[in-house]
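> based on what follows, work out the 3D shape:
(chains A and B)
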Amino acid sequence: MNMSVDKPNPDIIRRLEDFDTRSGNVVERMLFNNRMVVVLLCLVITLFLSFQARNLTMDAAFQKMIPTNHPFIVNYLENRSELAGIENSLRIAVEAREGTIFDQEYLETLRELSEQVFLLPGVDRPYMKHLWAPAVRWSGVTEVGLDGGPVIPSDYDGSGESIDQVRENVERSGEIGQLVAEDYRSTVIFVPLQETNSVTGEKIDYHELGQQLEILRDNYEADGVNIHITGFAKVTGDLISGMQQVLLFLALTIAICTLVLFFYTRCLRSTLLVVACSMVAVLWLLGLLSILDFGLDPYSILVPFLVFAIGMSHGAQKMNGIMQDIGRGTHRLVAARHTFRRLFVAGLTALVSDAVGFAVLMVIDIPVIQDLAVTASIGVAALIFTNLILLPILLSYTGVNAKAAARSVQADIANQNDKDHAKHPVWALLDRFTERKVAGITILVFALLGGVGLFVGSNVKIGDTGIGAPELRANSQYNLDNKFMVTNYAASSDVYVVMVKTEQYACAHYETLKVVDALERRLKQLPGVESTQSLAGLAKVANVGMNEGSMKWWGIPNSQGMLNAIVTRAPREMFNQECDLLTVFAYLKDHKADTLNSVVDVTQEFSQKYSTDKIQFLNAAGNAGIEAATNIVVEKANFQMLLLVYTAVILLALVTFRSWRAVVCAVVPLMITSALCQALMVWMDIGIKVATLPVIALGVGIGVDYALYILSVTLARLKAGESLSDAYYGALLFTGKVVILTGVTLGVAVMTWGFSPIKFQADMGFLLAFMFIWNMLGALILLPALARFLLVPRMKAVTS
Amino acid sequence: MILGRRHPWLGACIGFWQMKCLIPGDVKMKKTASGFVAHGALMLSGLLLMHAPLGLCAQEISEVLPDLTELPAMRVDDANHSVQLAVARAGNRLVSVGEQGIVLLSDDDGQSWSQASGVPVSVTLTDVEFISPTEGWAVGHSGVVLRTETAGEQWVKVMTGQEIVATIKTAVESLPESEDMADVLKRNASYLTGDEPVLDVHFSENGEGWLLGAYGIALHSRDAGQTWDSAFSITGNPNSYHLYQYIPADSHDGLIVGERGLVSRSAEESGVFESSPIDYQGTFFGGVASGSDQFVLFGLRGNVWAGAGDSWTQIPTGSQASFSAGVLTPVGIVLGDVTGRLFLKSGDSEQVRELAQASDAAITDLIVSPGGQLVMSTARGPKRLELDSTEFK
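As a prediction, the model looks like this:
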């Protein structure tokens, strides 16, 4: 950090002819003596990359949100093809607004809708189930055996008797709670999906499917029924729609940041230039992502916001330097070169520290976070060119508004001429934190806050704390639909699947089912498990059914003939074609960490005890299984990441200041903010999850910039013999404004995410805004207070 | 590990310590530049693993889950809502049995239940009966027969299906060829595997005992269960139908009912049961003797038949649901069905009328408690209904 102290410049060069173009280092000469080439080059790159950015794709990237190397996920992915029909299905509940489902009009609407759904792309048509499907049958015991038929009889004609027949069939169909709600006010169309079209090999376009479903919803809700749709595909579709909405916020962010910057500089042309350069960085980022074949996912879509905001703050800093030089009378080109000379290394260091914050995220074994790290690093690299190089060069052509330039140096000039002048009230207030008494109290208050933060923050939960699809807001259409399903059907949205591997054709052996049943019994004991389902459980029900409904037969029949007969009628999601893989479903009350851990513990203990070479119990599939694995990885990553990000920041500060005391001044405010952030998560009921994991790394990596700016100037002035108060005041005048500007623009940029329909984006935005603004306050308030006790005595010793 | 979770540094140390178990012995660090990188990677993986369960270090011990006839019943938190199949009186105590070897005891007339701890099997128990306040019998799947002398607290396994079937096969082998149906019975017996469930246990006051079950298995005892003889050939069941219940009567003659309209009554003296002609081919799950040798039989699809043993008349119920339980009460015969409804046939009435939806799951057995309450076992645990006589009018 070679930030020089801004003293009255001895070489204010008013005329360009007086400037030696061979001065400055080789980089500066190369760039500034070929200004037009640089500008044209940037223009060409920008055009090329903007063109490329058109091809950028958006996907929900569910695959990338899971820790693919965790043993649970490895197990899941290994057996994925065998687990057909577990997660990729849609449930469409059709609710009669008035009366019950036993109504001619309702049944007609249901038939029409199911025919429409049948035609949707990606539907695995033979396995679709609804009241009109021939596969949905009733069955009953008679004196001579089992009797049955389709629930809606083939001679259905809509008459009263026909509808009575349907009612009777429904009652003995066993579909109550499955396809038919317990209150008879709605029925479900069950729609299994094929990920890839078996004919064309194309993947499902979830976004398009989601939109077609919305059109169906609109059409049929006009017909007197309510439609509720749940399923993985719908969540994905909604996420992609949400992402497109989020991109609109980028415009809002740009507008607000522009206003803030203009208010700060009062110079339109340079404000527009800074905005333009930051946007160029975003365009480069998007273009490069497209070339590198990265798509935008719900996480990396946030990077453009960050890059833009970081670009704005660094651009503002460059502009500020140039403006002050011009204000003192220097020619604009010379001002640009001098500013470049003074601030390029400083800016580079700050950007590198930002990049360190991002790079640390690479250690987390979750692809979506690694992509976020790569994306952000590319963005920051682009900023080095656009805002550290292109911006000063452009400013050297345009110059700045003369009035604004004069204004920018007013306070500084006043300070130089008159030490006792009335200080700006904000700066004067901040200056008081260097006084011994105020500093003591400040440290005490912050220590207390830090203590509270640590105490409360230690209760922070791992994983998601809400119900329904965690990606979306609790009051989103999807989660309302999900709530409807959970209330009216025997379905839970949190499914944990244990995979049971057996020898080939052994999946229905009595010995196998006996052990599976034992596992099921243990899982059922857990308070977080609402119900379980497996071939073992089905065998008990079927055994009763095959013995004329007598409950005395409740148990797994110890007869292979009987078991084989049961298997032929069992639903296909319970075992695979080769009959060497069974699935045990545990339907959970919620997906909170405690619930998931209890299931994981029971399964692992059972697996260790009873796995043999003939039978193995593997964790875990189902959304809850994946979430359990993610939680385990996230919990580990949280500490690992804190450790690394702080190690990196401390090393960076040590290299910059070469004083452990200064490092303490810079890092302690960050640590207190981190502790408070965790406490805030507890209060706001936000858990540590994939989405909140990057927040602290980003917050600390970017947050250390403030301390770097303020402390480097303060230290230099202290060394020059100024008092702490004067040195700090000087630092505030030189970089304080920029620090506040940075804090505000960054805060604003991330706060707009709060409006996102995607819940985790809102959570990230909220927490990041807190981190950015508190880190700024820490650097302005706690840092001088710490300096009073840590730096001043030492400086005195040095000077005396 | 709690320490490690709260304190990252300590966690890192624990992580290193645990790695000792995780690095295979033959992996050695190379002293090269890449070794340095590898060391760094190990450090990271140590951090990664710092929350891995200590169990990773433990030698993997796997057990084979014993057969359910050998596996003591597990304590179940939600035992009171498990599938319960039969309930009996042991003095002032009520004993209910059901799935997973769960035995439930109630000393307050069926208001509260607790799981008995001493059940040596985990099979489904289908029936229970006490011959004194402390001595009782329970039977279940895989031919399990249990005996208690502690009013249901502790149980001893006295027989399994293998022994039952062996007894039957030996007896059937020794049948003289001249005997009626001897070859049919021999063939039927040869299909038995020993896995068949016992479905009914009954003891009379004179010490006569019956065990009946699937595919016609039947044992008979004359000495209160000390010894058992095969009754396979005397139940009037040449088709090896399932036998669901022995219905005792005041007089010597009991009835055996079972699958496909099987109704057998014991002929005087010989002890051999003969088919009692009935105009119904569906299964009877049980019956109740209502004094003066009058029986009410119940079964599939709402069938209720009444008679004395030589002729039967159907009693209309208006229900299509199978009846699965019945008991004689002061107000008449109460029947329970698989949809959880109770029906009443009062006195000599030729009618059965619906009383109440008493349960949301199948009613599997009914009994009048010592305090005069109607107690039932259901597919969702035992349940008590106040036997308010006004409700029965």
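> hang on, residue A:93 in a helix?
No: read with DSSP: H, G, I helix; E, B strand; the rest coil, residue A:93 is strand and lies in no helix.
> hmm, residue A:180 and it touching each other?
No: Residue A:93 is beyond contact range of residue A:180, at 10.2 Å (criterion: CB atoms under 8 Å). Any C-beta I mention is one placed from the backbone N, CA and C, and that applies to glycine too.
> what residues do these two have in common as contacts?
A:186, A:187, A:188 (CB atoms under 8 Å, 6 or more residues apart in numbering or on different chains).
> of those residues, which belong to strands?
A:186, A:187, A:188 (DSSP state E).
> on that earlier part again, of the shared contacts of residue A:93 and residue A:180 - the most surrounded one?
Using other CB atoms under 10 Å in any protein chain shown as the neighbour test, the shared contacts of residue A:93 and residue A:180 are led by residue A:187, with 28 neighbours.
> OK, contacts around it?
Contacts of residue A:187 (CB under 8 Å, 6+ apart): A:93, A:94, A:101, A:110, A:130, A:131, A:179, A:180, A:181.
> got CSV for the shared contacts of residue A:93 and residue A:180, with pLDDT and distance to residue A:218 too?
Below are those laid out as CSV (pLDDT from 0 to 100; distance: CB to CB, whole Å):
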residue, pLDDT, distance to residue A:218
A:186, 91, 18
A:187, 92, 20
A:188, 91, 19
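> now flag whichever of the residues you listed is closest to residue A:309.
Within the shared contacts of residue A:93 and residue A:180, the smallest distance to residue A:309 is 45.7 Å, found for residue A:188 (CB to CB).
> check contacts around the closest residue to residue A:296 other than its chain neighbours.
Nearest residue to residue A:296, sequence neighbours excluded (CB to CB, 6 or more residues apart in numbering or on different chains): residue A:58, at 4.9 Å. For residue A:58, the residues meeting the contact criterion (CB under 8 Å, 6+ apart) are A:207, A:240, A:243, A:244, A:295, A:296, A:297, A:301.
> ok, residue A:210 - contacts?
Here residue A:210 is in contact with A:233, A:234, A:236, A:237, A:238, A:240, A:241 (CB under 8 Å, 6+ apart).
> and the residue of the stretch 351-500 of chain A nearest chain B?
Across the stretch 351-500 of chain A, the shortest distance to chain B (CB to the nearest CB) belongs to residue A:458, at 6.0 Å.
> just so I have it, where are all the strands in the stretch 501-650 of chain A?
Taking DSSP state E, counting those that start in this stretch, the strands of the stretch 501-650 of chain A run over residues A:529-533, A:581-588, A:615-621.
> residue numbers of the stretch 501-650 of chain A in contact with chain B?
Within reach of chain B by CB under 8 Å from any CB of the partner chain, the stretch 501-650 of chain A has these residues: A:514-515, A:518, A:521, A:524-525, A:547-555, A:557-559, A:604, A:608-612, A:632, A:635-636, A:639-640, A:642-643.
> can you say which of the residues you listed are buried?
A:514-515, A:518, A:521, A:524, A:547-555, A:557-558, A:608, A:610-611, A:632, A:635-636, A:639-640, A:642-643 (16 or more other CB atoms under 10 Å in any protein chain shown).
> right, and the helix or strand after the host helix or strand of residue A:322?
Using DSSP states H and E, residue A:322 sits in helix A:303-327. Sequence order places helix A:332-359 as the next helix or strand after helix A:303-327, per DSSP H and E.
> which other helices and strands contact that following helix?
Applying 3 or more CB pairs under 8 Å, 6 or more residues apart in numbering or on different chains; DSSP states H and E, one finds that helix A:332-359 makes contact with helix A:26-32, helix A:303-327, helix A:367-385, helix A:391-398, helix A:622-657, helix A:693-719.
> would a markdown table of those helices with mean pLDDT and distance to residue B:198 be doable?
What follows is the helices and strands packed on helix A:332-359, written out as a markdown table (pLDDT from 0 to 100; distance: least, CB to CB, whole Å):
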| stretch | mean pLDDT | distance to residue B:198 |
| --- | --- | --- |
| helix A:26-32 | 85 | 93 |
| helix A:303-327 | 84 | 69 |
| helix A:367-385 | 88 | 57 |
| helix A:391-398 | 88 | 90 |
| helix A:622-657 | 85 | 39 |
| helix A:693-719 | 82 | 59 |
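> as a markdown table, those helices with distance to residue A:357 would be great.
As requested, the helices and strands packed on helix A:332-359 are exported to a markdown table (distance: least, CB to CB, whole Å):
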| stretch | distance to residue A:357 |
| --- | --- |
| helix A:26-32 | 25 |
| helix A:303-327 | 10 |
| helix A:367-385 | 8 |
| helix A:391-398 | 22 |
| helix A:622-657 | 6 |
| helix A:693-719 | 1 |
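> now do the strands in the stretch 351-500 of chain A.
A:495-502.
> which residues of it lie near chain B?
Residues of the stretch 351-500 of chain A lying close to chain B (CB under 8 Å from any CB) are A:363, A:365, A:458.
> following the helix or strand containing residue A:220, which helix or strand comes up?
Using DSSP H and E, the element containing residue A:220 is helix A:206-221. Following helix A:206-221 in sequence order, the next helix or strand is strand A:225-231 (DSSP H and E).
> please read off the pLDDT at residue 104 from the model.
Went with chain A since none was named. Here, the pLDDT recorded for residue A:104 equals 89.
> my question was about chain B, not that one.
At residue B:104, pLDDT is 94.
> relative to strand A:225-231, how tilted is the helix holding residue A:220?
Here the directions of helix A:206-221 and strand A:225-231 differ by 160 degrees (axes from the mean of the first three to the mean of the last three CA atoms, to 10 degrees).
> buried residues in helix A:206-221?
For helix A:206-221, by 16+ other CB under 10 Å, it's A:206, A:207, A:209, A:210, A:212, A:213, A:214, A:216, A:217, A:220.
> got it, and stretch A:433-441?
Result for stretch A:433-441 [16+ other CB under 10 Å]: buried residues A:433, A:434, A:435, A:438, A:439.
> also stretch B:134-148?
Quick answer for stretch B:134-148 (16+ other CB under 10 Å): B:135-146, B:148.
> what about the closest residue in space to residue A:695 that isn't next to it in sequence, distance to residue A:534?
Take residue A:695 and drop its neighbours on the chain: the residue closest to it by CB to CB, 6+ apart is residue A:767, 4.6 Å away. Look at residue A:767 and residue A:534: by CB to CB, to the nearest Å, they are 40 Å apart.
> next one: residue B:142
Residue B:142 is 21 Å from residue A:534, by CB to CB.
> now do residue A:488
24 Å.
> ramachandran angles for the residue nearest to residue A:296?
In terms of degrees, to the nearest 10, the main-chain angles of residue A:58 are phi -120, psi 130.
> beta partners of the residue nearest to residue A:481 when sequence neighbours are not counted?
Distances taken as CB to CB, 6+ apart place residue A:228 nearest to residue A:481, at 3.9 Å, with adjacent residues excluded. Beta-bridge partners for residue A:228, by DSSP bridges, are residue A:93.
> any idea whether the residue in the stretch 251-393 of chain B positioned nearest to chain A is helix, strand or coil?
Per CB to the nearest CB, residue B:282 is where the stretch 251-393 of chain B lies closest to chain A, at 3.9 Å. Under three-state DSSP, residue B:282 falls in the coil class.
> and it, what pLDDT?
89.
> ok, now residue A:550?
So residue A:550 comes in at 88 (pLDDT).
> for residue B:34, same thing?
Looking at residue B:34, the pLDDT reads 39.
> with residue A:536 instead?
So residue A:536 comes in at 86 (pLDDT).
> same check, this time on residue A:746
So residue A:746 comes in at 81 (pLDDT).
> ok, back up a step: which secondary structure elements does the helix holding residue A:322 sit against?
For helix A:303-327, the packing partners by 3+ CB pairs under 8 Å, 6+ apart are helix A:232-265, helix A:268-291, helix A:332-359, helix A:367-385, helix A:391-398, helix A:402-417, helix A:737-751.
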